[in-house]
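*Asks:* Following is a predicted model, sequence given first.
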Amino acid sequence: MSNRFQAPRGTQDVLPEAQAYWSAIHDAIREVTRLFGYRRIDTPMFEQAALFEKGTGDSTDIVEKEMYVFQDRGGEHLALIPEATPGICRAYLEHGMASWPQPVRLFTTHAMFRYDRPQKGRFRQHTQFDCEVIGSSDPLADAELIQLLWSLLTTLGVSGVQVRLNSIDDLEPRRAYIARLRDHYRPHLERLSEDSQRRFDRNTLRLLDSKDERDLPFKETAPKLIDQLSPLAAEHHTAVEAALVAAGIPFAIDPCLVRGLDYYNRTVFEIVPIDDERAQGTLGGGGRYDGLMQILGGPPTPGMGFGSGLERVILEMQKNGVECDPGPGCDVFLVHRGAAPAAVVGVAADLRAAKVGVVVAESGRSMKSQLRSADASGARLALILGEEEVAAGTIVVKDLRDVAEQRTLPRAEFVEHVRAALRA
RNA sequence: GUGGGCGUAGCGUAGCGGUUAACGCGUCAGGUUGUGGCCCUGAAGAUCGAGGGUUCGAUCCCCUCCGCCCACCCCA
């Protein structure tokens, strides 16, 4: 045991019995993206590291200390993707999607990698559902994305969650605000937490995000960006709010919501469980990134997107009492004894050709043992092919939910009978 | 990166400073001649997380390491 391999820290195996939750989620994603008109895109699991250093921002925690970076054998500097947006934007530019009808609505479900200490709801490899609207600066797009994620959660039976919304203005006006924020904090600099002192120069906005006791008093009295937005951003924000109200989605303004990625402007949002104060309770979050395409070397192109951690969504489904049953592994369990392998394989093939799922019992086991397996498999029917049946050219069809129901049928007829019995 | 809790068969647990480490679930096999679910019987399966120390003797006491979980930080 001690010498056996283990899954790497912070990763997990999704066993068959847990797959039902993933199926439910993928079904719901397929449906909600269809309803909103999003098309699927899949991008690589690794990218050039510089894509995130420039895009996500090298002062963010994600890039600074959580990214899996490595050199391949050719000396390329690569990173396992820690988030989805830069890769999708790269694909947008690389494939000339600017010449598609704008805006382009895309989604993906993708593994993400971040080197961090695992805990409840936080993994080194996790799966994100990610949506992007690229080429639109319409506030309706912002509201639409929030609405989309909200619908997904609702569809999956997750309630007791809340949308938290903020606007962090555009780059230029924000500079002026950040100067005011620095003025506010500067006299108290040495009394702030170490993290906040470090962020004072590099990432001033994050000071508002701090939950450190030492920072709270100054955070309370700090000027709030949402109260002094530039006219364009204010107008945009008002329109987003109005659209959310019209869509019937409850939300709360959180003036301290900043988010950890550098490229956001204007709208930022999160969806969190109402009763959960933990930071890693966040089910999804995102924002507008009108400057990102230029950072990546493309033409000015507005965009907005979000990511949602699906492992967390499953935890939240379970918290809400949502149960997903794996269901039976097959329709029919084929019991055989003394029949030639060719006959066994032939029967199974006939059933599968008729789209009936078959599991074939282990050769050589007793009839009792095979029927026990049939029962445990959850199959609706057991078929019995023994020496007698082979000799007579028949097969026994036994209903596992009904003790009395068992019939012997000619080989030519059993497939139809099985299909009929499964429909009943 | 910081702090706390925990590591006994596949899973869930018991155990005690001292002969072959126990129980339940699960797995496999039987309970007469080819028939499941319940029941009964049996078997397989654990170098008691790893290494070191204390001791005549350690799964049990001590140290180190590793792993898992939870929280902080941060994020999904």
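*Replies:* Cool, got the structure. Numbering: from 1, shown residues only, chains lettered A, B, ... in the order given.
*Asks:* Looking at the stretch 51-200 of chain A, which residue is nearest RNA strand B?
*Replies:* In the stretch 51-200 of chain A, the residue that lies nearest RNA strand B is A:Lys120 (3.0 Å; Cβ to the nearest atom of the strand). Backbone N, C-alpha and C define where each C-beta goes, glycine included.
*Asks:* any idea how far that residue is from A:Pro187?
*Replies:* 39 Å (Cβ to Cβ, to the nearest Å).
*Asks:* now A:Ser59, what's its secondary structure?
*Replies:* coil (DSSP: H, G, I helix; E, B strand; the rest coil).
*Asks:* Correct me if wrong: it contacts A:Asn203.
*Replies:* Yes. A:Ser59 is within contact range of A:Asn203, at 5.0 Å (criterion: Cβ atoms under 8 Å).
*Asks:* tell me the average confidence for the strand or helix carrying A:Ala421?
*Replies:* Using DSSP states H and E, A:Ala421 sits within helix A:414-423. Helix A:414-423 carries an average pLDDT of 94.
*Asks:* Just name the shakiest helix or strand of chain A by mean pLDDT.
*Replies:* Here the helix or strand of chain A ranked lowest by mean pLDDT, DSSP states H and E is helix A:194-202, holding a mean of 81.
*Asks:* who's in contact with A:Asp350?
*Replies:* With contacts defined as Cβ atoms under 8 Å, 6 or more residues apart in numbering, the neighbours of A:Asp350 are A:Val415.
*Asks:* And the closest residue to RNA strand B within chain A, how far from A:Ser363?
*Replies:* Closest approach between chain A and RNA strand B, counting by Cβ to the nearest atom of the strand: A:Gly260, at 1.4 Å. Between A:Gly260 and A:Ser363 the computed distance is 57 Å (Cβ to Cβ).
*Asks:* Which one of those two is surrounded by more residues?
*Replies:* A:Gly260 (17 against 11; other Cβ atoms under 10 Å).
*Asks:* ok, back up a step: quick check: the residue of chain A closest to RNA strand B touching A:Ser59?
*Replies:* No. Using Cβ under 8 Å, A:Gly260 is not in contact with A:Ser59; the gap is 10.0 Å.
*Asks:* which parts of the stretch 301-424 of chain A sit against RNA strand B?
*Replies:* Counting by Cβ under 7 Å from any atom of the strand, the stretch 301-424 of chain A comes close to RNA strand B at A:307-309, A:311-312, A:337, A:362, A:365-369, A:371-376, A:384, A:386-389, A:396, A:398-403, A:406.
*Asks:* hmm, which of those are the buried ones?
*Replies:* A:307-309, A:311-312, A:337, A:371, A:373-374, A:384, A:386, A:389, A:396, A:398, A:400 (16 or more other Cβ atoms under 10 Å).
*Asks:* out of those residues, which are inside helices?
*Replies:* If you go by DSSP state H, those have A:Glu311, A:Arg312, A:Leu371, A:Ser373, A:Ala374, A:Glu389 in helices.
*Asks:* can you give me the helices in the stretch 101-250 of chain A?
*Replies:* A:139-155, A:171-185, A:194-202, A:216-221, A:231-247 (DSSP state H, counting those that start in this stretch).
*Asks:* Tell me which residues are up against the third one.
*Replies:* Which is helix A:194-202. A:59, A:182, A:185-186, A:189-190, A:192, A:206-207, A:210, A:212, A:214-215.
*Asks:* Which of the residues of the stretch 301-424 of chain A next to RNA strand B fall in strands?
*Replies:* Using DSSP state E, the subset of those located in strands is A:Gly307, A:Ser308, A:Gly309, A:Arg337, A:Ile384, A:Gly386, A:Val396, A:Lys398, A:Asp399, A:Gln406.
*Asks:* what residues are up against the residue nearest to the fifth one when sequence neighbours are not counted?
*Replies:* With sequence-adjacent residues excluded and distances taken as Cβ to Cβ, 6 or more residues apart in numbering, A:Ile384 is closest to A:Val396, at 3.9 Å. Taking Cβ under 8 Å, 6+ apart as the definition of contact, the neighbours of A:Val396 are A:Leu383, A:Ile384, A:Leu385, A:Gly386, A:Glu389, A:Gln406, A:Arg407, A:Thr408, A:Leu409.
*Asks:* can you name the two of the residues you listed that are farthest apart?
*Replies:* A:Gly386 and A:Arg407 (14.8 Å; Cβ to Cβ).
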